[in-house]
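# Test case, fold it:
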Amino acid sequence: MYSGIHISQTDARPMYAQVMEQIRARIAAGDWPAGKELPSIRALAAGLNVSVITIKRAYLDLESEGVIVTRHGKGSFVAEGGNLAGELQNRKLEEHLEAAAGIARQLGMSPEELAARLRRAHRKLESK
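Next comes the predicted model:
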C-alpha cells in the first residue's frame, strides 16, 4: 500500500482504473485538497508493484478529466479551482443512480417505485 492507495489482484477492473478511482475518492473525501502534490509516477508504481505505464495511464486519464494537473519538471497535483470534491461526489452519485435505475428496469420496477425505495432508504439514513 502506498499513500493509502492499493491494488487488488482479484478486482476485475484494470489496475489503472483502480488507481484512478482511489485518487478520485481521496479528493472527493477532502483528504487530498486542491494543490496537493501526488506521488510521482515512478514512486507510486514502485510502491504498488505495478508498471510505470499503469500509473502514467491513470494520471493521464485523471488529467484529461481535469482532476489533476501535471507541471513539467515539478510533478502532478490535485487541480485547483471550483468545488472539485463536490463535483466528484456528484459524478459518483450520478453513476450509482444510473446503476440503480438499470437494476430497477431489469426487475420491471417503475420509476415511481424506484423513487419510493430511494425515499425509504434516505429516511432510514436520517433516522440513524
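# on contacts alone, who are the packing partners of the top helix by length along the chain?
The single longest helix within the chain, with elements called by DSSP state H, is helix 84-106. Helix 84-106 sits against helix 15-28, helix 111-126, with contacts defined as 3 or more Cβ pairs under 8 Å, 6 or more residues apart in numbering; DSSP states H and E. The C-beta positions use only the backbone N, C-alpha and C, and glycine is treated the same way.
# Identify the residue spatially nearest to V50, adjacent ones excluded.
Closest residue in space to V50, ignoring its immediate chain neighbours: M15 at 5.4 Å, by Cβ to Cβ, 6 or more residues apart in numbering.
# Quick check: buried residues in the lowest-mean-pLDDT helix or strand in the chain?
Ranked by mean pLDDT, DSSP states H and E, the weakest helix or strand in the chain is helix 84-106, scoring a mean of 86. Buried residues in helix 84-106, counted by 16 or more other Cβ atoms under 10 Å: 84-85, 88-89, 104.
# contacting residues around it?
Residues outside helix 84-106 that contact it (Cβ atoms under 8 Å, 6 or more residues apart in numbering) are 24, 27-30, 34, 67, 78, 111, 113-114, 117-118.
# rerun that using 6 Å as the cut-off
Defining contact as Cβ atoms under 6 Å, 6 or more residues apart in numbering, one finds that helix 84-106 is touched by 24, 27-28, 30, 114.
# could you dump that helix to CSV, C-alpha only?
Coordinates of each C-alpha in helix 84-106 appear next as CSV, following Å, rounded to 0.1, in the frame of the first residue of the first chain:
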residue,chain,number,x,y,z
LEU,A,84,-13.7,19.6,-7.3
ALA,A,85,-14.6,17.4,-4.3
GLY,A,86,-18.2,18.2,-4.7
GLU,A,87,-18.1,17.7,-8.4
LEU,A,88,-16.5,14.3,-7.9
GLN,A,89,-19.1,13.3,-5.3
ASN,A,90,-21.9,14.4,-7.7
ARG,A,91,-20.4,12.3,-10.5
LYS,A,92,-20.2,9.3,-8.2
LEU,A,93,-23.8,9.8,-7.1
GLU,A,94,-24.9,10.0,-10.8
GLU,A,95,-23.1,6.7,-11.6
HIS,A,96,-24.8,5.0,-8.6
LEU,A,97,-28.2,6.4,-9.6
GLU,A,98,-27.8,5.2,-13.2
ALA,A,99,-26.8,1.7,-11.9
ALA,A,100,-29.8,1.6,-9.6
ALA,A,101,-32.1,2.7,-12.5
GLY,A,102,-30.7,-0.1,-14.6
ILE,A,103,-31.3,-2.7,-11.9
ALA,A,104,-34.8,-1.4,-11.3
ARG,A,105,-35.5,-1.7,-15.1
GLN,A,106,-34.3,-5.3,-15.1
